[in-house]
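A.B. asks: have a look at this prediction, sequence included:
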There are 2 protein chains.
Amino acid sequence: MAPSDLKPITVYWRPQVPNPTKVVIILEELGVPYKGEFIEHADLKQPAFESVNPNGRVPAIHDPNTNITLWESGAIVTYLIDQYDTEKKLTYDTFPEKYHLVQWQHFQASGHGPYLGQAAWFLMFHPEQIDSAKERYIKETQRVVKVLDKWLEGKDSLVGDKLTYADLSFVAWNAAIGYFMSGRPKDEWEPETQFPNFFRWQNSMLARPSVQKASTLAKVEDVHL
Amino acid sequence: MAPSDLKPITVYWRPQVPNPTKVVIILEELGVPYKGEFIEHADLKQPAFESVNPNGRVPAIHDPNTNITLWESGAIVTYLIDQYDTEKKLTYDTFPEKYHLVQWQHFQASGHGPYLGQAAWFLMFHPEQIDSAKERYIKETQRVVKVLDKWLEGKDSLVGDKLTYADLSFVAWNAAIGYFMSGRPKDEWEPETQFPNFFRWQNSMLARPSVQKASTLAKVEDVHL
């Protein structure tokens, strides 16, 4: 089905949160129509939204074209790529590239996002100032970025020779680092000099129209094609 | 290829860590031969193992039958199921079940394992006793288990009518909860009464020979069929 024939996919979301942005970027890249369903923070753990996602978190989607309801940003991206990336613009179906994409996607979802999220929590939201917890998660953020930086030496993408859904899964969380590290000593986060391959890769993603559109969306009424 | 014709898959691992156990359970379930390559904690972030997994964590695998090297437990499970679960013993290839399995697998890998891991860290390993951090992660552990418990009301498995790789991805981390909560007030973790559906589901998985074998492996020389 051509994208223009599709009914818009409902994306349950909140703005300026990395995981919903991850999904919007893929929809933008693939030209699949969507509409936003804004969920207030206070409504995440209420029965109406828990009937969509029993885990009470965004993003979730409902695709009226196939009648699936799905949550977990990584699973949603997997579904969208399988279903709508028929030209393999953002993926590989060759072996072993196909599984290396899954590997980096899982690293993002389980080893990158959650640790950056805890850093953000202890730096910005925790009711106590706990230096040893801040230090733990800042160090893990730096370590994970270093893993990416080393891997990207001499490369423009994580797998193969094009940006894929695996790369694009990282961009919104990467962009959050500068925000939650903004009050810290400068030498703790200077990606341009400390992680130059990471910095180049991240900038190449930030320059894409899909990422610019998804990142600047701030009002729910903007969330549609 | 019949399992008996396969060369053993190398599993880079450490005992009594949930994520490698997750992979061993799937290998046991599918009857795929494997051999363990024990990685000392001090060697995880050294060049020899980083040439296998640049993220310096276990598990990783090398499959000599296809010549793939892969890390991230969720990605390894996806690969093993695609490659070796030809009879769909632990999966569904129907729609939408296929994607609901991916969804629960991602919930385990990104919303269950990492938070339980932080609970274990602050309860057992952090150099300071920080009550507010312990409370944060104990509450998240209880919340995530409650999500599973509610979903499993009247059901024996997360998706469809059989246990799948998605269910089995949870069992080793679930089993760790009793361990890291053992010094806490009893009313903080009484799954039999607080989370009866979760408790029934978890026990049904613990009773499987694959889980029993993977869970009791303590020495690296035991890790082969």
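C.D. replies: Yes, it's here. Since we're looking at a predicted model, the values are computed, not measured. Numbering: from 1, shown residues only, chains lettered A, B, ... in the order given.

A.B. asks: quick one: buried residues of stretch A:26-44?
C.D. replies: Of the residues in stretch A:26-44, those buried by neighbour count under the rule 16 or more other C-beta atoms under 10 Å in any protein chain shown are A:26-30, A:32, A:34, A:36-37, A:39, A:44. For the C-beta atoms, the positions are set from N, CA and C on the backbone; glycine is no exception.

A.B. asks: just those: which are in strands?
C.D. replies: When the buried residues of stretch A:26-44 are checked against strands using DSSP state E, the ones located there are A:34, A:36-37.

A.B. asks: could you dump those residues to TSV with pLDDT and distance to A:K88?
C.D. replies: Converted to TSV, those look like this (pLDDT from 0 to 100; distance: C-beta to C-beta, whole Å):
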residue	pLDDT	distance to A:K88
A:Y34	96	21
A:G36	91	27
A:E37	92	29
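
A.B. asks: filter these down to the ones close to chain B.
C.D. replies: Restricting these to those touching chain B (C-beta under 8 Å from any C-beta of the partner chain) yields no residues.

A.B. asks: out of the buried residues of stretch A:26-44, which sit inside helices?
C.D. replies: Among those, the members falling in helices (DSSP state H) are A:26-30.

A.B. asks: of those residues, just say which sits nearest to chain B.
C.D. replies: Using C-beta to the nearest C-beta, A:I26 is the member of these that lies nearest chain B, at 14.5 Å.

A.B. asks: nearest to chain B, of the ones in strands among the buried residues of stretch A:26-44?
C.D. replies: Out of those, the member with the shortest distance to chain B (by C-beta to the nearest C-beta) is A:Y34, at 17.0 Å.

A.B. asks: you'd agree the closest one is up against A:I25?
C.D. replies: No: A:Y34 lies out of contact with A:I25 (C-beta atoms under 8 Å); the separation is 11.4 Å.

A.B. asks: stretch A:36-47: end-to-end distance?
C.D. replies: Start-to-end span of stretch A:36-47 (C-alpha to C-alpha, to the nearest Å) is 19 Å.

A.B. asks: make a markdown table out of the buried residues of stretch A:26-44 and add distance to B:N65.
C.D. replies: Shown next, in a markdown table, are these (distance: C-beta to C-beta, whole Å):
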| residue | distance to B:N65 |
| --- | --- |
| A:I26 | 32 |
| A:L27 | 37 |
| A:E28 | 39 |
| A:E29 | 34 |
| A:L30 | 34 |
| A:V32 | 37 |
| A:Y34 | 41 |
| A:G36 | 45 |
| A:E37 | 45 |
| A:I39 | 45 |
| A:L44 | 45 |
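
A.B. asks: buried residues, stretch A:132-148. List them.
C.D. replies: Buried residues in stretch A:132-148 (16+ other C-beta under 10 Å): A:133-134, A:136-138, A:140-142, A:144-145, A:147-148.

A.B. asks: any idea of the mean pLDDT in it?
C.D. replies: Mean pLDDT, stretch A:132-148: 98.

A.B. asks: and for stretch A:190-203?
C.D. replies: 98.

A.B. asks: and that stretch, how far out from the chain middle?
C.D. replies: Averaged C-alpha coordinates place stretch A:190-203 at 18 Å from its chain's average position (C-alpha atoms, centre = their mean, to the nearest Å).

A.B. asks: so does it get close to chain B?
C.D. replies: No: with C-beta under 8 Å from any C-beta as the measure, stretch A:190-203 is seen stopping short of chain B, the closest distance being 12.5 Å.

A.B. asks: buried sites along that stretch?
C.D. replies: A:191, A:195, A:197-199, A:201-202.

A.B. asks: how about CSV for these, with secondary structure added?
C.D. replies: Formatted as CSV, these follow (DSSP: H, G, I helix; E, B strand; the rest coil):
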residue, secondary structure
A:P191, helix
A:F195, coil
A:N197, helix
A:F198, helix
A:F199, helix
A:W201, helix
A:Q202, helix
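
A.B. asks: which residues touch the residue nearest to A:I68 when sequence neighbours are not counted?
C.D. replies: Spatial nearest neighbour of A:I68, excluding adjacent residues (C-beta to C-beta, 6 or more residues apart in numbering or on different chains): B:P96 at 4.4 Å. Neighbour list for B:P96: A:66-68, A:70 [criterion: C-beta atoms under 8 Å, 6 or more residues apart in numbering or on different chains].

A.B. asks: do A:H100 as well
C.D. replies: Counting by C-beta under 8 Å, 6+ apart, A:H100 touches A:158-159, A:166, B:70.

A.B. asks: tell me which of the residues you listed fall in strands.
C.D. replies: Per DSSP E, the contacts of A:H100 map to strands at B:L70.

A.B. asks: mind listing what A:K7 touches?
C.D. replies: A:33, A:64-65 are the contacts of A:K7 under C-beta under 8 Å, 6+ apart.

A.B. asks: mind giving me the domain split of chain A?
C.D. replies: Annotated domains of chain A cover A:3-86+A:212-222, A:97-209 [automatic domain parsing].

A.B. asks: buried sites along the lowest-mean-pLDDT helix or strand in chain A?
C.D. replies: Least confident helix or strand of chain A, by mean pLDDT, DSSP states H and E, is helix A:209-216 with a mean of 89. For helix A:209-216, burial by neighbour count (16+ other C-beta under 10 Å) applies to A:210-211, A:213-215.

A.B. asks: now, the most widely separated pair of the residues you listed?
C.D. replies: A:S210 and A:S215 (9.4 Å; C-beta to C-beta).

A.B. asks: and of the contacts of B:P96, the nearest to chain B?
C.D. replies: Closest to chain B, out of all of the contacts of B:P96 and judged by C-beta to the nearest C-beta, is A:I68, at 4.4 Å.

A.B. asks: now the closest one: how far from A:P47?
C.D. replies: Taking C-beta to C-beta, to the nearest Å as the criterion, A:I68 is separated from A:P47 by 21 Å.

A.B. asks: out of the two, which sits in the busier spot?
C.D. replies: A:I68 (19 against 8; other C-beta atoms under 10 Å in any protein chain shown).
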